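Q: need a 3D model of the sequence below.
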Amino acid sequence: MEKKKVIRLTPDTVGRFVERASHCDFDIDIANISHGRRYLVDAKSLLGVLGLDFSGNLVVTYSGENEEFETMLAQLQTAG
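A: The predicted structure is shown next:
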């Protein structure tokens, strides 16, 4: 079952987010939508995630389960 979470990242939280994502044995994508365009990257790629626009919400899509990753997402999750 595919899960989606809306989060906010800052340059200070990217490293920890990518590290947690890298410990998961399933695919994780992260995307932002700006100016009507969707930009999707592998959440395990530090350079890819750093290329995202942090001024808005990001959508994380994944289908596995990892308690540490879920905890991090809960900390970064937004109301939207």
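
Q: pretty sure residue 18 is in a strand, no?
A: No - counting by DSSP: H, G, I helix; E, B strand; the rest coil, residue 18 is located in no strand; its state is helix.

Q: neighbours of it, how many?
A: Applying other C-beta atoms under 10 Å, we find 21 residues neighbouring residue 18. Yep, even glycine has a C-beta here, placed from its N, CA and C like the rest.

Q: begin at 14, not 1, for the rest of this chat.
A: Got it, the first residue is 14 from now on, which makes the last one we talked about residue 31.

Q: nearest spatial neighbour of it, skipping sequence neighbours?
A: In space, and not counting its chain neighbours, residue 31 is closest to residue 59: 4.9 Å by C-beta to C-beta, 6 or more residues apart in numbering.

Q: so who does that neighbour touch?
A: 27-28, 31 (C-beta atoms under 8 Å, 6 or more residues apart in numbering).

Q: strand partners of the helix or strand harbouring residue 52, parallel vs antiparallel please.
A: Element membership for residue 52 (DSSP states H and E) is strand 50-55. Within its sheet, and counting by DSSP bridges, strand 50-55 is paired with strand 41-47 (antiparallel).
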